[in-house]
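J.: Just a sequence and a predicted model for now, questions to come.
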Amino acid sequence: MTATTTKASSAVPNFCEGIQYFGEALPDFDIYGITPAIASGKVAILNPTDTNAVYQTLLAADALRYLTLQITASKASGHPGGFASQAEAYAALVMLGHKNIITEVGHHAPGFYSAMFLDRSLEDMGIFTVQQLRDRFREKHGLLGHLSGYIPGILAPAGPLGQGQHFAMSAALLHREKLFPFTVGDGGLGEPYIMSSMAHFNTAYPSVTNFLPVLVWNGYSQEHHSMVSLKTNEEMIAYWQCNGFSEVVLVSAKDFDDQNQDGDYVDSTAFSFDNRLDFTKAVLVGMDKAQRSALSGKLTVFIIKQLKGAGVHALGAKSHNLYPKDTLDAPHIVAALQKRALPVEAWETVRTNTERAGGGPAAKTAVTEFELPLADLGELPLEEYPVGGKPKVATTAMGRLVGIVGNKDKNFLVTNADGNEASGIANINQALKINHPTTDDLYSQAPGGQVYEPLSEDACAGLAAGLSLMGARTLWCSYESFAINGLPIWQTVTQAMAELRRQTPSTITLFTAGALEQGRNGWTHQRPEIEAYFASLMRTGNVFLLFPPDANSIQACYDWALKTKNKGIVITASKSPLPVRSTFAQTEKGLIDGAVLLHEVPGGKTVVFAVIGDMTLIPAFEAAAFLETEGIGVKIVSIINPRRLYRPHDTAWETCSEPDGGFLSDADFEQLFGGDALIGVTGGAAAMLEPIMLRSNYKRDTFAWKRGETTASAGELMAFNGLTAEALTKRAIELVH
């Protein structure tokens, strides 16, 4: 097929402006390509074996390839190869009426943008023509290099591998009548989370099978062969079957090759036109079988086996990424575009089909384009304990509220990899039940429970954060020491929330069993360095770290978090009985101001202890008692919401959707933290104290975590890290004299 350079013509539809090459007439186009296979008023083709449907699925696949290569080459940057190798599969899904399509692979972004352009979704962001599509690819306020929460019609962000299945499973759980396919690359299949998370989900929710992994088995990863490239078709099928998939549909391009291509992975775009149609028909029929299977209660996977880079500028791993040499003027790019060029009439047919599919543009029909209705929680029955009364376990106090939330909101889910009972929140399990195939009242477990407990922080964080992104309330519980294993997807979601075009409940976590409580378990359970990670995230503007000092405060913190939108909120508390030091009113003020004054005694000179955490208040109060006998004034300030203590320009709050511009004023900061010396105290990373240290002009110092050790008590572990009353007292006296 030859191609001609674009010429201005009244016959060329406006959306085609910017298409560099148009092709000549295709074989039998007048018979099979003129009348759109998706009829007016319909949402899908009627029959996957219909020749018109097959023919036009092939047109859609080539349109996707062409746009993917042209927009990436317009910036000599981006990733065309992976998406190109499965273009027939994506086109088949659309022709079958599916628009809720997710990807595991951030590198498929330009293909997804091409799809959103074809069905007119991108018109919501002012992209009406191919030229505009080219201009705004990989540009600020445009089409980011990897999928984000900003793009109309895109259900979920995609960047780090091992995440996409969580979004698909989350959506499937909330919308049982719809199919949520997601593409996963064979290069990323080596991520351990993908298969294990789906296996656990299927065990917990055996009837929720309306998510469909679409394995893009193209033989290559980013820069080399994929680790599964030597598997036979039989071995690949067995692999999925042994991981619980009862229906495995595999279509290999090799079976249709009439060009004697070498190897098990071949390029279908090199076939004769008739064989291309045969391959496309196999994909379309196979995808129809897979979608019916997934929607009828079978755990199903569709596998398309085709060489990476099929139909674009290069093959294999060399097709993965474009470099500065890969411009629209480069001969190899020109040649590839001309080979894939479609006649004007074909573009019109593709546009009509993709727009009609699924009932309209994804930007108007995808589930994430609408806010999920939420159950009314009313006013939570908080229980205020007397200050100075019997010590209380903060996590248990919050757990009672979590159970109430779950009983009022049946979409609500709690996730925990290490066990709620070990974190002082067995009452959550008792109220909501662990979702488990074995019913056992002793362990509070039963099918259909609202507590999800895979032994994987990634799976816990993934489902909880994914559900929040999709519009539901959740709570991810973890030991602070292990949460780092789930943070990548949690961070992905919080950053997506910062740019969403709709409101969604904040993704909330409860981190317990901090390092100071884990003395006897040794350094393997003492990893509060995670707080340095969070300290950095606070600067994004929509991440809030809450450190309630007691059982009263944690209730007020959780109540506040539940009412927020599009934020990432981390609540960190101990599971040990600790003194009740604050009232609800104090925490409510602390959530606004960032901190609250718990103790003040005047003296000749004043030392301010700015304390993060609950157990760390113990040595601070002991030091204060001694300093008071020496005539030195003391203020103990509990830092509850450190994000409020930054200066407005320290964070990107104004760039976030649902922006929160609440920061403590300089005058109020002075009133809280003013004195002759300031000592920041934390049982975690010193970076969490940054907002206070940035703003204080007094003599100051920090006492913070150094490293873990095996000890018999929290006090001994604090001593190992220099967090003692004696050390605080000594340093306070040095600073004021």
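T.: Received it, and whenever you're ready, just let me know what you need.

J.: So for stretch 243-260, what gets flagged as buried?
T.: For stretch 243-260, a neighbour-count test (16 or more other Cβ atoms under 10 Å) marks 245, 247, 248, 249, 250, 251, 252, 253, 254, 256, 257 as buried. No exception for glycine: its C-beta is placed from N, CA and C like everyone else's.

J.: and the gap between the fifth one and residue 590?
T.: If I follow you right, that is residue 250. For residue 250, the distance to residue 590 (Cβ to Cβ, to the nearest Å) stands at 58 Å.

J.: ok, so of the buried residues of stretch 243-260, who is nearest residue 295?
T.: For the buried residues of stretch 243-260, the closest approach to residue 295 (Cβ to Cβ) belongs to residue 247, at 11.3 Å.

J.: State the distance from that closest one to residue 290.
T.: Counting by Cβ to Cβ, the gap from residue 247 to residue 290 is 7 Å.

J.: Also residue 678?
T.: Relative to residue 290, and taking Cβ to Cβ, residue 678 is found at 62 Å.

J.: for residue 528, same thing?
T.: 46 Å.

J.: Check residue 57 too.
T.: Distance, residue 57 to residue 290, using Cβ to Cβ: 15 Å.

J.: now residue 257
T.: From residue 257 to residue 290 the distance is 23 Å (Cβ to Cβ).

J.: And for residue 480?
T.: 41 Å.

J.: Could you do residue 659 as well?
T.: 42 Å.

J.: More neighbours: which of the two?
T.: residue 290 (28 against 14; other Cβ atoms under 10 Å).

J.: so that one sits in a helix?
T.: Yes. Assessed with DSSP: H, G, I helix; E, B strand; the rest coil, residue 290 lies in a helix.

J.: what's it in contact with, if anything?
T.: Residues near residue 290 by Cβ atoms under 8 Å, 6 or more residues apart in numbering: 212, 247, 249, 300, 301, 302.

J.: Same check on residue 542?
T.: 494, 497, 498, 566, 567, 568, 653, 656, 658, 660.

J.: Keep only those of the contacts of residue 290 that are in strands.
T.: Of the contacts of residue 290, the ones assigned to strands by DSSP state E are 212, 247, 249, 300, 301, 302.

J.: Please tell me how far the second one sits from residue 189.
T.: Noted for residue 247: a distance of 18 Å to residue 189, by Cβ to Cβ.

J.: what do you get for the third one?
T.: To residue 189, residue 249 is 17 Å away according to Cβ to Cβ.

J.: How about the fourth one?
T.: Using Cβ to Cβ, we find residue 300 at a distance of 17 Å from residue 189.

J.: Which parts of the stretch 551-700 of the chain are strands?
T.: Counting by DSSP state E, counting those that start in this stretch, one finds strands in the stretch 551-700 of the chain at the ranges 568-572, 577-578, 595-601, 606-612, 633-639, 677-682, 699-703.

J.: Name the residues that touch the fourth one?
T.: So the one you mean is strand 606-612. Residues contacting strand 606-612 (Cβ under 8 Å, 6+ apart): 547, 549, 595, 617, 620, 623-624, 627, 632-639, 642, 673-684, 688-689, 692, 698, 728, 732, 735-736.

J.: again, only using 6 Å
T.: 547, 617, 620, 633-639, 673, 675-682, 688, 692, 732 (Cβ atoms under 6 Å, 6 or more residues apart in numbering).

J.: strand partners of that strand, parallel vs antiparallel please.
T.: Looking at strand 606-612 with DSSP bridges, its partner strands are strand 633-639 (parallel), strand 677-682 (parallel).

J.: CA atoms of it as PDB?
T.: Extracted C-alpha coordinates of strand 606-612, given in PDB (Å, rounded to 0.1, in the frame of the first residue of the first chain):
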ATOM      1  CA  THR A 606      11.500  28.900  78.300                       C
ATOM      2  CA  VAL A 607      12.300  25.700  76.500                       C
ATOM      3  CA  VAL A 608       9.800  24.400  73.900                       C
ATOM      4  CA  PHE A 609       9.500  20.700  73.200                       C
ATOM      5  CA  ALA A 610       7.900  20.200  69.800                       C
ATOM      6  CA  VAL A 611       6.900  16.500  70.000                       C
ATOM      7  CA  ILE A 612       5.700  14.200  67.200                       C
END
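
J.: now the angle between strand 595-601 and it, please.
T.: Counting by axes from the mean of the first three to the mean of the last three Cα atoms, to 10 degrees, strand 606-612 points 140 degrees away from the direction of strand 595-601.

J.: residues in contact with residue 389?
T.: residue 580.

J.: Where does it sit, in terms of helix or strand?
T.: Using DSSP states H and E, residue 389 is not contained in any helix or strand.

J.: Residue 464 too?
T.: helix 457-469.
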